[in-house]
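Q: Here's a sequence, model it:
(one chain, ligands or ions: 2)
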Amino acid sequence: MLFDLRPKKSRKDLFDREWELEELERASGRYPLILLLGIRRIGKTSVAWCFLEGKRGFLVDMRGVIRRADLYERVARGLEESLSKMRRFLRGIRGIKIAGAEVEIQWRGMDSLSLAGLLTELNKLDEFVVILDEVQHLRQPLMSEVREMIAYAYDNLDNVTLILTGSEIGMLRRFLRLEDPSSPLYGRYAYEVEVRRFTKEQSKEFLVRGFREVGMEPPMEEVEKAVEFFDGIVGWLVIFGKSYSEGKGGFEAIAEMAIGMAITELMKLDPREKLVLKAVARGARSWSQVRELIEEKEGAVIPKSSLSRTIKRLERLSLIKDYEFLDPVYEKAALRL
Ligand SMILES: Nc1ncnc2c1ncn2[C@@H]1O[C@H](COP(=O)(O)OP(=O)(O)OP(=O)(O)O)[C@@H](O)[C@H]1O
Ligand SMILES: [Mg+2]
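A: Numbers count the residues shown, from 1 in each chain. Ligands and ions are numbered 1, 2, ... in the order given. Take a look at the predicted model:
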């Protein structure tokens, strides 16, 4: 079902992504570390799941992981999802308990299993894929711990391919610190695969096919407006298709709803970040234009170095690049901050 809001887990539900899946196929086995990049809602997690289909491996959702207990809990959930492919093998690993469809990792005390230990065991299998989703969200000390684990796998475990995904592209690169001599990953290489936005034709075909699946044929005009506005970002197309087919309104109402969702997310930014985003949404196309617009419209002065830092951070969050929004919905949302 194309208009399902959850990430797609099987290729039969996935629209296109031939190129991304081939890229991952080519890169895995050849590069120990792969970054699967893309802005919010572009379909990274879906590509990741579908790549895993039919392979040995698991995906760990790192969002909301704060304590070490959360981390092991998430890894256990990841293993559960792939249990059918690995049950027999996992049974033999000390520190892993399997009861029915549940997996428990003993990470404290006697017979405990560290993440590096788990990966070392899995390396004994044939090729094995570990996907860490939104890993840039981790906080210290877990962040360092996971970075160490990645470095260990990179250096020692030939059969393990690590794929990291994240919507905050700059944050993800920064998390790895490949260029920092004090980082365990210093000097290593990460192969990057970017999940692309759909072309206009693909977006249109996606919506038409999705509507056909639910037995609907909305006016082409509505479809075209959505194709134009949502700019090939599949997550928004799904929200449009699902909301429309559930009678929640036409294009205008659903676009408003999407903007509302984006506003909620942008509200989490700090006041300076909001000011800068608003200036970019109003058309500022350079550092000095941002500064002037903020001064003129808001009567606020942001110190020079702080402004540069703020812009950099917004770029790392993949909200803007070269003073342009990467997602038109966020641009509209920023105007209303
Ligand atoms: N190729 C695709 N075909 C059909 N639906 C897709 C495809 N890619 C993504 N989707 C749908 O789009 C939405 C967003 O997808 P997904 O969660 O995979 O994106 P993401 O980039 O991981 O998002 P986030 O940044 O929120 O983590 C989901 O509803 C998912 O089902
Ligand atoms: Mg995701």
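Q: In contact with Val238, which residues?
A: Leu2, Phe3, Asp4, Leu5, Gly210 (Cβ atoms under 8 Å, 6 or more residues apart in numbering). Bear in mind the C-beta positions are built from the backbone N, C-alpha and C, glycine included.
Q: next one: Glu127
A: Residues in contact with Glu127 (Cβ under 8 Å, 6+ apart) are Ser28, Gly29, Lys55, Arg56, Asn159, Thr161.
Q: before we move on, the earlier item: now for the contacts of Val238: which two are most distant?
A: The most widely separated members of the contacts of Val238, counting by Cβ to Cβ, are Leu5 and Gly210 (12.0 Å).
Q: which parts of the stretch 1-150 of the chain sit against ligand 1?
A: Counting by Cβ under 6 Å from any ligand atom, the residues of the stretch 1-150 of the chain close to ligand 1 are 2, 4-8, 14-17, 38, 40-46.
Q: rerun that using 5 Å as the cut-off
A: 2, 5, 7-8, 14-15, 17, 40-46 (Cβ under 5 Å from any ligand atom).
Q: Filter those down to just the buried residues.
A: Applying 16 or more other Cβ atoms under 10 Å to those, the neighbour count classes 2, 7-8, 14-15, 17, 40-46 as buried.
Q: on that earlier part again, nearest to Ala262, of the contacts of Val238?
A: Out of the contacts of Val238, the member with the shortest distance to Ala262 (by Cβ to Cβ) is Leu5, at 16.1 Å.
Q: now the residues of the stretch 1-150 of the chain next to ligand 1 in CSV, with pLDDT and secondary structure?
A: Formatted as CSV, those follow (pLDDT from 0 to 100; DSSP: H, G, I helix; E, B strand; the rest coil):
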residue, pLDDT, secondary structure
Leu2, 97, coil
Leu5, 97, coil
Pro7, 98, coil
Lys8, 98, coil
Leu14, 98, coil
Phe15, 98, coil
Arg17, 98, coil
Arg40, 97, coil
Arg41, 98, coil
Ile42, 98, coil
Gly43, 98, coil
Lys44, 98, helix
Thr45, 98, helix
Ser46, 98, helix
